[in-house]
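S.K.: Take this sequence and fold it.
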Amino acid sequence: MAPERTCRLISLGCKVNQYETQLVREALRENGYREAIDDEPADLCVVNTCTVTNTGDSKSRQVIRQLARKNPDAKTIVMGCYATRDPQAVSELPNVIEVVTDKRELPDVLGRFGIVDMPAGISEFEGHHRAFVKIQDGCILKCSYCIIPRVRPGIRSRRPTDIEEELRRLIDNGYREIVISGVHVGHFGIDTNNLTPGDKPERLWDLFRRLDRIPGDWRMRLSSIETVEINDDFIKAAGDCEHLCPQFHPALQSGSDTVLQRMRRRYRVGRFLDRLEQIREMLGNDPAFTTDVIAGFPGETDAEFEETLETCRRARFMKIHVFPYSRRDGTAAADFKDQIPGSVIKERVRAVSELERDLALDFYRSRIESGAEQVVLAERTCDGRHGWVKGMDQWYIPTEVRGTDADLGTFVRCVAEEAGREIIQASRVESHGQLANHTTSAQLLEFPQV
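M.R.: Numbers count the residues shown, from 1 in each chain. Now for the predicted structure:
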């Protein structure tokens, strides 16, 4: 009998990377590997790297060196965006034996380590109660600050039938929330190489409708979307699909038209806000909007930054992921004049974060006033609070509610009672009935059913 082989996998960066690492994990497991535990040395290490910022590069190198120290006899495979951007530097790191610069080469690389078959999709998501599903890869935009189109070029959409099969498998295995992910999900289906004879082209909104037909007590959430892809078809599908969460993440980046122009973004503030209002009108009750903002983009004046703050107020975002601008070699913005001092960037990040907490509290209070039932995916027990669990509801509101370990990975229905600036505390709604004076079953039909 062949000796058991051990492996260790580390994923850095985005949801797409986490999905791809899970795919490799299942391939290794199906071919005789098991993950090393605690300080047990591994025979094979796999690192999925990130390069979206200089910090991502540094963290990737650090992780590879740490693995070499703790697993001196291991062979290390490095994949991901940093491996694609600078394969020479990665190949010189200790124990690195393979550098995967194109994910399509991964089956051949793994084949040299005894992996005879790559799974077509995943069946679980290690360490998570929600599962991420990658529907496409690649970006063809030319935003002046972003390195990703260089390391994930082109558009490659997965076959809709494969995605549907994967979701069915995950739901059958107990996952109640599926996050639809990709490098640029709004471009799903614009390529035609995902078609087999008899297939019809499907765009993102078509995929929503296909997946929405899967029965069961589950929900899907969209990870991110570009505003220009929020068209009439998208908005109508959002209103029609009962499993789709009423939370959307259109990336703003800046609320100043002049900054957006320098960023080479494809929209302006007026159009962005109009799209949000159209979704609000279609869903009939306030959906939640979250976004990304870059603070301190080159040349950003105090007045332009104030425009961003005002746009965030007008958009009524529930959550803002604020990123300090990071100068990225290989992007157009790295050579722009008027780079903003670090101290100014830090203060602008603080200002956006402070505004975010105020906007979040406003949204949380609106949920209390509406009396709408929350459906919380319980993900962990609360530290220091015995008998309480914490998770995200359909609007992506962090919520605490009474519960036990038995609730983890399941939906807990509750009604918001108290709102803080970072979390809601809710009262549990028992399955045999609802709390008085709260949303009726008929009213709940206005929201995606989960």
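S.K.: Residue ranges of each domain in this protein, please.
M.R.: For the chain, the structural domains run 5-111, 130-368, 371-444, going by automatic domain parsing.
S.K.: Same list, those, but as a markdown table with mean pLDDT and distance to Ile122 please.
M.R.: For glycine as for every other residue, the C-beta is placed from the backbone atoms N, C-alpha and C. Shown next, in a markdown table, are the domains of the chain (pLDDT from 0 to 100; distance: least, Cβ to Cβ, whole Å):
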| stretch | mean pLDDT | distance to Ile122 |
| --- | --- | --- |
| domain 5-111 | 95 | 5 |
| domain 130-368 | 95 | 7 |
| domain 371-444 | 84 | 16 |
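S.K.: In TSV: those, plus distance to Glu124 and mean neighbour count.
M.R.: Listed next are the domains of the chain as TSV, based on distance: least, Cβ to Cβ, whole Å; neighbours: other Cβ atoms under 10 Å:
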stretch	distance to Glu124	mean neighbour count
domain 5-111	8	19
domain 130-368	6	18
domain 371-444	11	17
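S.K.: Quick one: closest of these to Asp117.
M.R.: Of all the domains of the chain, domain 5-111 sits nearest to Asp117, with 7.0 Å by Cβ to Cβ.
S.K.: How far off centre is that closest one?
M.R.: Averaging C-alpha positions (Cα atoms, centre = their mean, to the nearest Å) puts domain 5-111 20 Å from its chain's average.
S.K.: I'd guess Ala238 is in a helix, am I close?
M.R.: Yes. The assignment for Ala238 (DSSP: H, G, I helix; E, B strand; the rest coil) places it in a helix.
S.K.: which residues touch Glu400?
M.R.: 382, 385, 388-390, 423-426 (Cβ atoms under 8 Å, 6 or more residues apart in numbering).
S.K.: now do 6 Å
M.R.: 382, 388, 390, 425 (Cβ atoms under 6 Å, 6 or more residues apart in numbering).
S.K.: Which secondary structure state does it sit in?
M.R.: strand.
S.K.: Now do the helix or strand harbouring Val133: which elements does it pack against?
M.R.: Following DSSP states H and E, one finds Val133 within strand 130-137. Packing partners of strand 130-137 (3 or more Cβ pairs under 6 Å, 6 or more residues apart in numbering; DSSP states H and E): helix 15-30, helix 160-172, strand 177-182.
S.K.: let's see it at 8 Å
M.R.: helix 15-30, strand 156-157, helix 160-172, strand 177-182 (3 or more Cβ pairs under 8 Å, 6 or more residues apart in numbering; DSSP states H and E).
S.K.: nearest to Glu126, of those?
M.R.: Using Cβ to Cβ, the helices and strands packed on strand 130-137 put helix 15-30 closest to Glu126, at 6.1 Å.
S.K.: by how many degrees do that closest one and strand 130-137 diverge?
M.R.: 110 degrees (axes from the mean of the first three to the mean of the last three Cα atoms, to 10 degrees).
S.K.: so what secondary structure elements neighbour helix 15-30?
M.R.: Here helix 15-30 touches strand 5-11, strand 44-49, strand 75-80, helix 106-111, strand 130-137, strand 177-182, going by 3+ Cβ pairs under 8 Å, 6+ apart.
S.K.: after the strand holding Val133 comes which helix or strand?
M.R.: helix 148-151.
S.K.: what secondary structure does the closest residue to Asp73 other than its chain neighbours sit in?
M.R.: Sequence neighbours aside, Pro41 is the residue nearest to Asp73 in space, at 6.6 Å (criterion: Cβ to Cβ, 6 or more residues apart in numbering). Three-state call for Pro41 (three-state DSSP): coil.
S.K.: show me the contacts for Pro41.
M.R.: 6, 70-74.
S.K.: so which of those residues comes closest to Thr55?
M.R.: Closest to Thr55 out of those is Lys70 (22.1 Å), distances taken as Cβ to Cβ.
S.K.: Excluding chain neighbours, what is closest to Phe411?
M.R.: Val375 (5.2 Å).
S.K.: likewise Ala334?
M.R.: Using Cβ to Cβ, 6+ apart and skipping the chain neighbours, the partner closest in space to Ala334 is Arg327 (5.1 Å).
S.K.: quick one, what contacts the nearest residue to Leu106 once chain neighbours are set aside?
M.R.: Among residues not flanking Leu106 along the chain, Val100 sits closest, at 5.6 Å (Cβ to Cβ, 6+ apart). Neighbouring residues of Val100 by Cβ under 8 Å, 6+ apart: 77-80, 83, 106, 109.
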